[in-house]
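Chemist: generate a structure from the sequence data that follows.
(one chain, ligands or ions: 1)
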Amino acid sequence: MATLTLDAVSKIYGPRLSHPVRAVDTVSLALRDGELVGLLGSSGCGKTSTLRMIAGFESVSEGTIRIGDRIINTLRPAERNVAMAFEGYALYPPLTVRDNIAFSLLRDRIPKAEVQQRVAHVAALLEIGDILDRYPQAISGGQQQRVSLARALVRRAQLSLLDEPMSQLEPQLRAVLRARIKDYLIEHRMTTVFVTHDQTEALALADRIAVMEGGRLQQFASPTDLKRRPANFFVASFIGEPPMNLFPAKMVRENGGLAVEVLGEDGTPGFRLPWPHAGRDLAEGRTVHLGIRAHEIRLGAPRPGETALDGVVVANQWLGDQSHIALAVAGVRLTIVTDRALAAPVDTRLALALPETALHLFDGDSGLAIAHGGRPAVAAAA
Ligand SMILES: Nc1ncnc2c1ncn2[C@@H]1O[C@H](COP(=O)(O)OP(=O)(O)OP(=O)(O)O)[C@@H](O)[C@H]1O
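Modeler: Below is the predicted model of the structure:
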């Protein structure tokens, strides 16, 4: 168990070259003891570089990394007391799977009976109990990945670093193992950082997720907060399936109050939503982005506090457990999600109700969140 702190950490590849790459840019993160944190982002956003700096496989260009109170910037990987499952972090070919998993425990002089019991436990957890006597070259890629993961988990180290730990596994097995791994990490209070580009994995496993883009930390928050209170336009567009509906819009005057006027692709006005929460910063003429979570749009007549819209179906897809329905609303395309198949072919007109909680506003220039529901973003985050 340990805390992990990154303070304004950057990674610059080729600093003396004519085009250095700032792969990680002043990232600050503080992990609590026993916390399970996911680094999430698209390819090239800097997640692996961040993890490799924590592991000691890459030097830290700027900033400090601490485990507990100890600065670890210049410690060798072996001195960091960190358990790792990295892609390409090879298994020892001359050792059986069992001995690969047991290696670090035997090195730490853990009694043999306990080693056996711990190896058997993680092997059962990861469904590799039947291959313990095989050698790494005689097992599949997915099995090798689980052995690598077992080798990290079995140590119960103060900090575990897992790089795309389940990327080679099929979806059903992933889902089963995800839940078991989470229970194991919680049971042993293991502070863990894992990298993934799969948001389902991040949302299911992590206590908090660090969303990265372009080397920068966009938001570090719980799965619920990322969905309910995305800090900026990028996080809003990245988290959620289907992604949040996002439209360029501007604040306009309507009936003596404020409204958000959504703009179509060609810049022409689309639909309007009353915005009764005029704030100091939210004046007429301000350009914004309006976000509407597809899952929160209701079908039917509005209840008090909801806004009515109606749209015409342009696509209706049943995905086995939910429908994604695209509608044209005053020339703007809006997606909604329902948990049942809806007999609404193309051209059907549907009445929609928008609860205030479904609505988010982001600044038109900076992309920073202005409001979630009717509440200012800062207050909503408190
Ligand atoms: N050794 C290196 N030298 C130069 N540039 C590098 C090096 N390693 C990574 N990069 C660059 O740094 C940026 C971040 O890479 P990184 O591997 O950390 O991203 P990532 O989010 O883990 O991506 P992926 O999911 O594809 O692994 C990318 O632009 C990458 O091309």
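
Chemist: over to residue 24. Which of the three states is it?
Modeler: Secondary structure of residue 24, reduced to three states by DSSP: H, G, I helix; E, B strand; the rest coil: strand.

Chemist: got the contact list for it?
Modeler: Going by CB atoms under 8 Å, 6 or more residues apart in numbering, residue 24 touches 9-11, 46, 49-50, 53, 215. For the C-beta atoms, the positions are set from N, CA and C on the backbone; glycine is no exception.

Chemist: do residue 185 as well
Modeler: Applying CB under 8 Å, 6+ apart, we find residue 185 in contact with 36, 153, 160, 192.

Chemist: recalculate using a threshold of 10 Å.
Modeler: If a contact means CB atoms under 10 Å, 6 or more residues apart in numbering, then residue 185 has 34-36, 153, 156, 160, 162, 191-192, 194, 205, 207 as its contacts.

Chemist: what does it show for phi and psi?
Modeler: Phi and psi for residue 185, reported as degrees, to the nearest 10, are phi -60, psi -40.

Chemist: same check, this time on residue 309
Modeler: Torsion angles, degrees, to the nearest 10, at residue 309: phi -140, psi 160.

Chemist: what's the local residue count around whichever residue of the stretch 151-300 of the chain sits closest to the ligand?
Modeler: Using CB to the nearest ligand atom, the closest approach of the stretch 151-300 of the chain to the ligand is made by residue 197 at 5.1 Å. For residue 197, the number of neighbouring residues by other CB atoms under 10 Å comes to 16.

Chemist: show me the contacts for it.
Modeler: Taking CB under 10 Å, 6+ apart as the test, what residue 197 contacts is 39-45, 47, 164, 167.

Chemist: and residue 356, by the same measure?
Modeler: By CB under 10 Å, 6+ apart, the residues touching residue 356 are 273, 275-277, 296, 305-307, 371-375.

Chemist: what subset of those residues is buried?
Modeler: Buried residues within the contacts of residue 356, defined by neighbour count using 16 or more other CB atoms under 10 Å: 273, 275, 277, 296, 306-307, 371-373, 375.

Chemist: what segments of the stretch 151-300 of the chain are strands?
Modeler: Taking DSSP state E, counting those that start in this stretch, the strands of the stretch 151-300 of the chain run over residues 159-163, 191-196, 208-213, 216-221, 245-254, 257-263, 269-274, 287-292, 298-299.

Chemist: can you redo those as a markdown table with mean pLDDT and distance to residue 119?
Modeler: Formatted as a markdown table, those follow (pLDDT from 0 to 100; distance: least, CB to CB, whole Å):
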| stretch | mean pLDDT | distance to residue 119 |
| --- | --- | --- |
| strand 159-163 | 95 | 17 |
| strand 191-196 | 96 | 20 |
| strand 208-213 | 98 | 31 |
| strand 216-221 | 97 | 35 |
| strand 245-254 | 94 | 49 |
| strand 257-263 | 92 | 58 |
| strand 269-274 | 91 | 59 |
| strand 287-292 | 96 | 48 |
| strand 298-299 | 94 | 52 |
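
Chemist: can you lay out these as a markdown table showing distance to residue 171?
Modeler: Putting the strands of the stretch 151-300 of the chain into a markdown table (distance: least, CB to CB, whole Å) gives the following:
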| stretch | distance to residue 171 |
| --- | --- |
| strand 159-163 | 18 |
| strand 191-196 | 14 |
| strand 208-213 | 20 |
| strand 216-221 | 26 |
| strand 245-254 | 27 |
| strand 257-263 | 36 |
| strand 269-274 | 37 |
| strand 287-292 | 29 |
| strand 298-299 | 30 |
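
Chemist: per the record, what domains does this structure have?
Modeler: With domains defined by automatic domain parsing, the chain comprises 4-230, 238-381.

Chemist: looking at those, which is buried most?
Modeler: Stretch with highest mean neighbour count among those: domain 4-230 (a mean of 18; mean count of other CB atoms under 10 Å).

Chemist: can you give me the end-to-end span of that domain?
Modeler: Using CA to CA, to the nearest Å, the end-to-end distance of domain 4-230 comes out at 24 Å.

Chemist: kindly report the same for stretch 333-349.
Modeler: One end of stretch 333-349 to the other measures 14 Å (CA to CA).

Chemist: same question for stretch 296-305.
Modeler: So stretch 296-305: terminal residues 14 Å apart, CA to CA.

Chemist: could you do stretch 130-144 as well?
Modeler: Stretch 130-144 has an end-to-end distance of 13 Å (CA to CA).

Chemist: mean confidence for it?
Modeler: Averaged over stretch 130-144, pLDDT sits at 95.

Chemist: adding pLDDT and secondary structure, write the contacts of residue 197 out as TSV.
Modeler: Putting the contacts of residue 197 into TSV (pLDDT from 0 to 100; DSSP: H, G, I helix; E, B strand; the rest coil) gives the following:
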residue	pLDDT	secondary structure
39	97	strand
40	97	strand
41	94	coil
42	91	coil
43	92	coil
44	93	coil
45	95	coil
47	95	helix
164	92	coil
167	89	coil
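
Chemist: I'm done for today, thanks for sticking with me.
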